[in-house]
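J.: Got a predicted model here, sequence first, then my questions.
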Number of protein chains: 2
Amino acid sequence: MTLDFYKKNKKILLAVDCIIFGFNKEELEILLIQRDFEPEKGKWSLMGGFVEENESPGDAAQRVLKSLTGLDHIYMEQFAVFGNPNREPMEHVVSLCYFALINTEILSTDYKARWFKLDKCPPLIFDHNEMVHEAHNKLKKKAALYPILFELLSDKFTIPQITLLYEAVYQNQLDKRNFTRKLLGSKLLIKLDEKDKENSKKGAYYYKVDKSVYKEKIITFLNFLPGWYEE
Amino acid sequence: MTLDFYKKNKKILLAVDCIIFGFNKEELEILLIQRDFEPEKGKWSLMGGFVEENESPGDAAQRVLKSLTGLDHIYMEQFAVFGNPNREPMEHVVSLCYFALINTEILSTDYKARWFKLDKCPPLIFDHNEMVHEAHNKLKKKAALYPILFELLSDKFTIPQITLLYEAVYQNQLDKRNFTRKLLGSKLLIKLDEKDKENSKKGAYYYKVDKSVYKEKIITFLNFLPGWYEE
DNA sequence: ACAAAAGTGTTGCTCATACACCCATGT
DNA sequence: ACATGGGTGTATGAGCAACACTTTTGT
């Protein structure tokens, strides 16, 4: 074999597709776009794009995320590959799937995308519904061990808000009292002086994430949800 | 945009690289090949190949694994993407990384590959050393929650053998007494009548995996190694 | 008899769950 | 005053780490 080894026609289309999660204070949502080109024009779809010659797939995914949300440095993780030769009708496209977590509030809304509640997701093109389902599963597994869900919240937040977030992600009731204790025990939160008085009479203190601890914990097991099993 | 959208020259080379783990009764090993073509001819490398037009990346990885080991239906998992534009000198190649677990004993040895102890891995081409390192990390995380390491053992095995395996993977001493209890408590093992008398005077009973429980547990958390933290 | 490895019993501790209860405040 | 949601205290039990101890058998 020679250098021609590389020249044979083995190149294929490589795409990235992004499952963008957001949290609207009550439910987990994903950001979808309406396709404005064929095939499947007009149908809802994940945001995606092709990996260019001179970028890495991770860069491609960040580029796609930025083009849709205007945001940089989004938390993002590659979690699956969809590559059946017939998954798209026109040609064999291998897709690298990324899930991303963004704080909805920062998002400027002049882009032609719409938030959908995860459990009211419309039919999507190709195998995108399956991707969404796998992304949610992966998110649940990851977030049970790593405190990544804070990426979905603003800089300051209350403990009831975090609890609602976990309940939305796991579609499960939590004992708010015990969960509060676990959160505080994690040493991940810094209590602020301010209180949120909108959602209760007593008011709930705002907290922020201790970034130094977070950086540590995000690469270490934490196990926020013991006793939670997948599927 | 039209169908020409797909026609633009966005195709790139997509490869799969396989980190093949084996266990020689004492240490964790990986299977490497000596490259017989340029570039980097003669240097050690992971086994890899390009994804063809009409196959999925998973199929490509199984094809690569079979071509090197002669084995079908190998346990395998995609765990990373390496795709920096300059990771290979000739051209941009995006590589999907799979780790695989095989039982060394089944392996016919007439293939031009060699087992290396994980901690005595030679310098490899490109970013392959980094891939091996990430594969090992991923294996540790996964195996702490799922009983996948049995894929590395023969159909029957003793508890001391499993313990050695876990010690090799985590490069850590285990309390054999407590670990024994945990293994038996998992209900994953079926005790056989036969004993292995070669490694001790008393002899250790052989066990086999209860496949029905295994199928269940392999998709559910088990937490074989609580208190083990990554890195 | 003794060494050496397999495997069991027991204890103390941590931590998750369950739930009673107090706290702060708007109406 | 009382309803409402925020938050703390405390008892129970499961499971893990530590380690003493028994079991089996080749020499």
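T.: Sure thing, it's come through.

J.: need the residues of chain A near DNA strand D, please.
T.: Counting by CB under 7 Å from any atom of the strand, the residues of chain A close to DNA strand D are A:158-160, A:176-178, A:180-181, A:184, A:199-205. Placement of C-beta: from N, CA and C, glycine included.

J.: Out of these, which comes closest to B:Ala61?
T.: B:Ala61 lies nearest to A:Asn178 out of the residues of chain A next to DNA strand D, by CB to CB, at 43.2 Å.

J.: Show me what the strand or helix carrying the closest one packs onto, helices and strands only.
T.: Using DSSP states H and E, A:Asn178 sits in helix A:176-185. Judged by 3 or more CB pairs under 8 Å, 6 or more residues apart in numbering or on different chains; DSSP states H and E, helix A:176-185 is in contact with helix A:159-170.

J.: Who are the packing partners of the helix it packs on?
T.: Helix A:159-170 makes packing contacts with strand A:28-34, helix A:128-145, helix A:176-185, strand A:204-209 when contacts are defined by 3+ CB pairs under 8 Å, 6+ apart.

J.: quick check, the longest one touching DNA strand C?
T.: This points to helix A:128-145. No - applying CB under 7 Å from any atom of the strand, one finds helix A:128-145 out of contact with DNA strand C, separated by at least 11.3 Å.

J.: Show me what that helix packs onto, helices and strands only.
T.: strand A:11-23, strand A:75-82, strand A:93-101, helix A:159-170.

J.: Which of these sits closest to B:Ala61?
T.: Once these are compared by CB to CB, strand A:75-82 is nearest, at 10.0 Å.

J.: roughly how far out does the closest one sit from the chain middle?
T.: How far strand A:75-82 lies from its chain's middle: 9 Å, per CA atoms, centre = their mean, to the nearest Å.

J.: so what strands line up beside that strand?
T.: strand A:93-101 (antiparallel) (DSSP bridges).

J.: Can you point out the buried residues in the helix or strand following the strand it pairs with?
T.: Remark: after strand A:93-101, the chain's next helix or strand is strand A:113-117, criterion DSSP H and E. Judged by neighbour count (16 or more other CB atoms under 10 Å in any protein chain shown), strand A:113-117 contains these buried residues: A:113, A:115-116.

J.: before we move on, what about stretch A:163-177?
T.: A:163-170, A:174.

J.: start to end distance for it?
T.: Stretch A:163-177 has an end-to-end distance of 10 Å (CA to CA, to the nearest Å).

J.: Any residue of it touching DNA strand C?
T.: Yes - contact of stretch A:163-177 with DNA strand C (CB under 7 Å from any atom of the strand) involves A:175, A:177.

J.: From the opening residue of stretch A:181-191 to its closing one, how far?
T.: 14 Å.

J.: What lies in contact with that stretch?
T.: A:147, A:150, A:159, A:162, A:205-210, A:213-214, A:217, A:222, A:224 (CB atoms under 8 Å, 6 or more residues apart in numbering or on different chains).

J.: how distant is it from the center of its chain?
T.: On CA atoms, centre = their mean, the centre of stretch A:181-191 falls 23 Å from the chain's centre.
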